[in-house]
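Trainee: turn this into a structure:
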Amino acid sequence: DNALTASLGASEARALLVARLPTVVHLNGASVSRKERAEAEKRYVRVAVAQISADRATPADHPRLEELKTLHGDPTTARATLGEKGGNLAAQLLELTLRCVAAEHCAKAPLTRKFPAATKVAMLKRIAQKVFQVNPKAVVLYYVPEPGAAPTYLDDDNMPISYFGVGDGHTIDINDKVDDF
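Mentor: Down below sits the predicted model:
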């Protein structure tokens, strides 16, 4: 067990280690691709900035943060830019596909709709419960940036989907239990 990753799922732990260790090229028997590293580093920046903003961490807890913000951009700047679009809700909408992957509910067709970037994870869970009839106490969401990419668990109901990097045209998988990846 590792204190840094003990509370994380396997894919989240891998992403955290890839982001924090810039020289690792092979981890747990698998190569680290440039694409995987970039995705992991961007997620790490979003999470670290949110933790520091909420006083749950300090900059010293995230020694690569400034380097990665320079490389990938500052998510607080991106959120400010989104807010500058003003009252134009259409400019802030993301077309998402909600796809149920729960074994008992797989026969239901995916749902594609537009959602504000500020939609909270809890709201998407409520929509998933209603549309796919998944168990409300066990529903989990995974953000899938593109086919074949490692999913990211949307683990904070109070955060907007934009916090996790969910973008226009992306897919969110809905399950009724946490899978081990």
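Trainee: every contact and neighbour count from this point should use C-alpha atoms.
Mentor: OK.
Trainee: what's downstream of the helix or strand hosting Leu98, the next helix or strand?
Mentor: Using DSSP states H and E, Leu98 maps to strand 93-100. Going down the chain from strand 93-100, the next helix or strand is strand 111-116, by DSSP H and E.
Trainee: can you give the strand pairings for the strand holding Leu98, parallel or anti for each?
Mentor: Using DSSP bridges, strand 93-100 pairs in its sheet with strand 111-116 (antiparallel), strand 171-175 (parallel).
Trainee: pull the residues that contact the last one.
Mentor: By that I understand strand 171-175. Outside strand 171-175, the residues within contact range by Cα atoms under 8 Å, 6 or more residues apart in numbering are 96-102, 128, 134, 139-146.
Trainee: restricting to C-alpha, output that strand in PDB.
Mentor: C-alpha atoms of strand 171-175 as PDB (Å, rounded to 0.1, in the frame of the first residue of the first chain):
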ATOM      1  CA  THR A 171     -18.900  10.400 -23.600                       C
ATOM      2  CA  ILE A 172     -19.700   9.700 -20.000                       C
ATOM      3  CA  ASP A 173     -20.200   6.100 -19.100                       C
ATOM      4  CA  ILE A 174     -22.700   5.200 -16.300                       C
ATOM      5  CA  ASN A 175     -22.400   2.100 -14.200                       C
END
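Trainee: check what contacts the helix ranked longest in the chain and list those residues.
Mentor: The longest helix of the chain (DSSP state H) is helix 34-53. For helix 34-53, contacts defined as Cα under 8 Å, 6+ apart pick out 15-16, 18-20, 57-59, 62, 65, 68-69, 72, 74-76, 163-165.
Trainee: model confidence over that helix, on average?
Mentor: The average pLDDT within helix 34-53 is 85.
Trainee: burial of Asp55, as a residue count?
Mentor: Close neighbours of Asp55, defined as other Cα atoms under 10 Å, add up to 9.
Trainee: please state the backbone phi and psi of it?
Mentor: Dihedral pair for Asp55: phi 60, psi 30, per degrees, to the nearest 10.
Trainee: ok, now how distant is it from Thr152?
Mentor: Distance of Asp55 to Thr152, given as Cα to Cα, to the nearest Å: 23 Å.
Trainee: appreciated, that's everything.
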